[in-house]
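*Asks:* Got a predicted model here, sequence first, then my questions.
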Amino acid sequence: MTRRNKTSHRKTVLVAGGAGFLGSHLCEALLGNGDRILCLDNLLTGSLQNVAELEQYPSFRFFEHDVCLPFRTKERIDEIYNLACPASPPRYQADPVHTMRTCVNGTLNLLELAENHEARFVQASTSEVYGDPLEHPQREDHFGNVNCTGPRACYDEGKRAAEALCFDFLRAKRADVRVARIFNTYGPRMQREDGRIISNLITQALSRRSLTIHGDGSQTRSFCYVSDLTKALISLMAVDPNPGLPVNLGNPGEFTINDLARLVVEETRTSSRPRYLPLPADDPHRRRPDISRAQALLGWAPQVPLREGLRLTIAYFRRCELGARPRTAHALQGNASGPIPAEASRIVAAPDR
């Protein structure tokens with residue numbers, strides 16, 4: 001595995017799953033850094049609306065493409081972020097075979113693309129690799145407690161298999177691979193009915209419906225605002241030397257689902273009340289990341305408190321209810337690297353197959 005000198009030119013970055021919730025925020029941040037973006041998405045759960053404002057920038061190109069098929073381009077790629085996979089249980093369970101193929105075949109295709117282009121690679125793995133964990137908080141050396149035949153296995157085991165592929169490529173020096181284990185992330189552009197707890201509670205509260213809570217609400221989660229997570233992914237891509245190990249990315253603040261529901265009620269000023277339903281199979285009881293490795297390697301820690309992040313997310317959903325176009329994120333205003341450059345007309349094209 002060799003590395004080309006990338007200090008003398010603007011980077012070309014491929015973001016698979018780039019029209020999704022997290023991927024679109026990552027594309028914005030990278031554009032703000034002055035990078036050229038190749039955004040791949042099959043639009044199964046992603047949305048063109050998420051990247052509509054990015055298409056005015058000539059440095060951004062969108063390709064409707066399923067990573068289960070190889071992607072080919074004559075343009076040299078410097079970095080690849082693999083965020084391609086539905087992340088909420090109702091979405092990934094809707095077509096479990098395709099979910100597994102996306103995790104395994106899709107990751108393999110992108111790893112081979114990284115090998116061919118000598119590109120750095122960040123794999124968006126998940127806290128679900130820990131399953132219903134036997135240790136708390138979860139450290140990266142915990143092997144997990146996963147049901148390999150249950151309804152969540154297509155995602156949990158698919159992501160575990162993808163990690164195995166990533167570290168095989170790294171050990172064989174075929175690609176410079178970094179693996180992020182992402183814990184619950186939230187913020188603007190979450191889909192209203194995608195089954196994630198924060199979007200569910202907010203949309204139910206704003207429409208004054210009962211707040212759906214599975215189990216007794218005592219199970220815990222940790223919630224990271226999307227801007228914090230995006231910065232962590234970019235830092236993981238940039239860090240030298242390669243960590244050589246998975247890195248937990250998330251907010252270590254731990255809240256019960258009942259705590260979360262109370263915060264949503266307070267911030268939306270709703271009269272909605274909880275409605276308790278049976279707990280789904282294999283739903284983890286406690287989830288909280290140990291981010292010591294990320295702090296040591298990346299100098300990173302989340303900055304946005306849950307209440308503040310909820311306010312921003314609630315404001316987004318209110319605007320959506322009013323039919324307002326979501327505002328462009330701050331990343332597009334430019335940063336220390338300057339504003340996003342305009343150098344040519346935008347191109348939207350199909351991949352070279």
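*Replies:* Sure thing, it's come through.
*Asks:* switch to C-alpha atoms for all contacts and neighbour counts from now on
*Replies:* OK.
*Asks:* quick one: the lowest-mean-pLDDT helix or strand in the chain to chain centroid distance?
*Replies:* Across the helices and strands of the chain, mean pLDDT, DSSP states H and E gives its lowest value to helix 89-94, namely a mean of 93. A distance of 16 Å separates the centroid of the chain from that of helix 89-94, by C-alpha atoms, centre = their mean, to the nearest Å.
*Asks:* Can you give me the buried ones in it?
*Replies:* By 16 or more other C-alpha atoms under 10 Å, the buried positions in helix 89-94 come out as 89, 91, 92, 93.
*Asks:* ok, the first one - contacts?
*Replies:* The neighbourhood of residue 89, defined by C-alpha atoms under 8 Å, 6 or more residues apart in numbering, consists of 152, 195, 196.
*Asks:* Go ahead and confirm residue 24 touches residue 16.
*Replies:* No - applying C-alpha atoms under 8 Å, one finds residue 24 not in contact with residue 16, separated by 10.1 Å.
*Asks:* Now which of the contacts of residue 89 would you call buried?
*Replies:* 152, 196.
*Asks:* min pLDDT across the contacts of residue 89, which one?
*Replies:* Note: of those, the lowest pLDDT belongs to residue 195, at 86.
*Asks:* Against residue 90, how distant is it?
*Replies:* With the distance defined as C-alpha to C-alpha, to the nearest Å, residue 195 ends up 6 Å from residue 90.
*Asks:* what does residue 271 give?
*Replies:* Relative to residue 90, and taking C-alpha to C-alpha, residue 271 is found at 27 Å.
*Asks:* and if you look at residue 36?
*Replies:* With C-alpha to C-alpha as the criterion, residue 36 and residue 90 are 33 Å apart.
*Asks:* Please list the residues outside the longest helix along the chain that contact it.
*Replies:* Longest helix in the chain, counting residues (DSSP state H): helix 153-171. In this structure, residues lying in contact with helix 153-171 by C-alpha under 8 Å, 6+ apart are 92-93, 96-97, 99-101, 103-104, 107-108, 111, 123, 125-126, 128-129, 131, 146-148, 175-179, 244.
*Asks:* what's the answer for stretch 258-274, then?
*Replies:* 201-202, 204-206, 208-213, 217-218, 307, 310-311, 314.
*Asks:* show me where this structure has helices.
*Replies:* Read by DSSP H, the chain holds these helices, from start to end of the chain: 21-32, 89-94, 96-101, 107-117, 153-171, 197-206, 226-238, 257-268, 292-298, 306-321.
*Asks:* Including distance to residue 48, could these go into a markdown table?
*Replies:* As requested, these are exported to a markdown table (distance: least, C-alpha to C-alpha, whole Å):
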| stretch | distance to residue 48 |
| --- | --- |
| helix 21-32 | 10 |
| helix 89-94 | 18 |
| helix 96-101 | 21 |
| helix 107-117 | 22 |
| helix 153-171 | 24 |
| helix 197-206 | 19 |
| helix 226-238 | 19 |
| helix 257-268 | 28 |
| helix 292-298 | 32 |
| helix 306-321 | 15 |
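*Asks:* Residue 103 against residue 85, yeah?
*Replies:* Yes - Residue 103 is in contact with residue 85 according to C-alpha under 8 Å; the separation is 6.8 Å.
*Asks:* What subset of the contacts of stretch 258-274 is buried?
*Replies:* Applying 16+ other C-alpha under 10 Å to the contacts of stretch 258-274 flags 201-202, 204-206, 208-209, 211-213, 217, 310-311, 314 as buried.
*Asks:* what would those residues look like in TSV with distance to residue 158?
*Replies:* Shown next, in TSV, are the buried ones among the contacts of stretch 258-274 (distance: C-alpha to C-alpha, whole Å):
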residue	distance to residue 158
201	28
202	29
204	31
205	33
206	35
208	37
209	35
211	31
212	28
213	27
217	28
310	30
311	34
314	32
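*Asks:* Relative to residue 288, which of the residues you listed is nearest.
*Replies:* residue 217 (15.8 Å; C-alpha to C-alpha).
*Asks:* Quickly note the distance from the closest one to residue 16.
*Replies:* Remark: distance between residue 217 and residue 16 (C-alpha to C-alpha) = 34 Å.
*Asks:* repeat for residue 277
*Replies:* Between residue 277 and residue 16 the computed distance is 35 Å (C-alpha to C-alpha).
*Asks:* what about those two, which has more around it?
*Replies:* Just comparing residue 277 and residue 16: by other C-alpha atoms under 10 Å the higher neighbour count belongs to residue 16, 26 against 12.
*Asks:* check contacts around the more buried one.
*Replies:* Listed by C-alpha under 8 Å, 6+ apart, the contact partners of residue 16 are 23, 39, 40, 41, 67, 80, 81, 82, 83, 84.
*Asks:* filter those to the buried ones?
*Replies:* When neighbours are counted using 16+ other C-alpha under 10 Å, the contacts of residue 16 contain these buried positions: 23, 39, 40, 41, 67, 80, 81, 82, 83, 84.
*Asks:* What is the neighbour count of residue 321?
*Replies:* For residue 321, the neighbour count with other C-alpha under 10 Å is 12.
*Asks:* ok, now residue 72?
*Replies:* Residues within reach of residue 72, counting by other C-alpha under 10 Å, total 10.
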